[in-house]
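fold the following and give me the result.
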Amino acid sequence: MVTDPTKSLQQLLDREAIRECIYRYCRGIDRQDEQALRSSYWPDGTDRHGPYDGSATGFIDWALARLKSSDRSVHQVTNMSITLQGSEAAVETYFLALQREPDASGVLQEVFLAGRYLDRFEKRGDEWRVAARTVMYDWMRPWGTPPGTEAERMGLRVPNGGLHPQDPVYALLASLGR
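Model prediction:
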């Protein structure tokens, strides 16, 4: 138990910075926002992510190339356990992901994934980022081909999410401070 108020405050700030980094990663992967993805990892970081196992920069390149044929994905994070140890942290983050991408014949397929990001974070200067990630898959369910067109499925539910930079979140961010 931490009783020093200054140390307690710093730990809260560190935990919040780690959470924000995880959220930035989710936006980056879902919106195919390269800058957000790269700002989530240290340049010398690593990622073991399904069939990919290598550098974090290589993962980002691999994921963005693979996602070019995907029109929609949503990653949500839930339970997060952060164990701080100086300028390092062990972070276990549960995720739920809905992804849609074409199969080998070009037909859109949807899949539900659930698992955990097992991350070693490092704080360098005042910034926390992922230094090493292993993705643990705990659940996978293929949902198959969605019926109808996107417009038919969404109906009156507009606007719809999109990719970087067209997604409405980027206009919201740009409007700050005007």
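
just checking, what packs against the least confident helix or strand in the chain by mean pLDDT?
Evaluated with mean pLDDT, DSSP states H and E, the helix-and-strand set of the chain has its lowest mean pLDDT in helix 150-154, which scores a mean of 86. If you count contacts as 3 or more Cβ pairs under 8 Å, 6 or more residues apart in numbering; DSSP states H and E, helix 150-154 packs onto no helix or strand. Backbone N, C-alpha and C define where each C-beta goes, glycine included.

now do the buried residues in it.
Residues of helix 150-154 include none that count as buried (16 or more other Cβ atoms under 10 Å).

ok, and what's touching that helix?
Identification of contacts with helix 150-154 by Cβ atoms under 8 Å, 6 or more residues apart in numbering yields Asp71, Pro146, Pro147, Asn160.

which two of these have the greatest separation?
Pro147 and Asn160 (16.9 Å; Cβ to Cβ).

of those two, who's got more company?
Comparing Pro147 with Asn160 by other Cβ atoms under 10 Å, the one with more neighbours is Asn160, at 12 against 7.

now do stretch 65-81: distance from first to last residue.
Using Cα to Cα, to the nearest Å, one end of stretch 65-81 lies 31 Å from the other.

now it, how far from the centre of its chain.
6 Å (Cα atoms, centre = their mean, to the nearest Å).

and the closest residue to Leu67 other than its chain neighbours, how far from Arg38?
Of all residues not flanking Leu67 in the chain, Gln32 sits nearest, at 5.3 Å (Cβ to Cβ, 6 or more residues apart in numbering). Per Cβ to Cβ, to the nearest Å, Gln32 is found 12 Å from Arg38.
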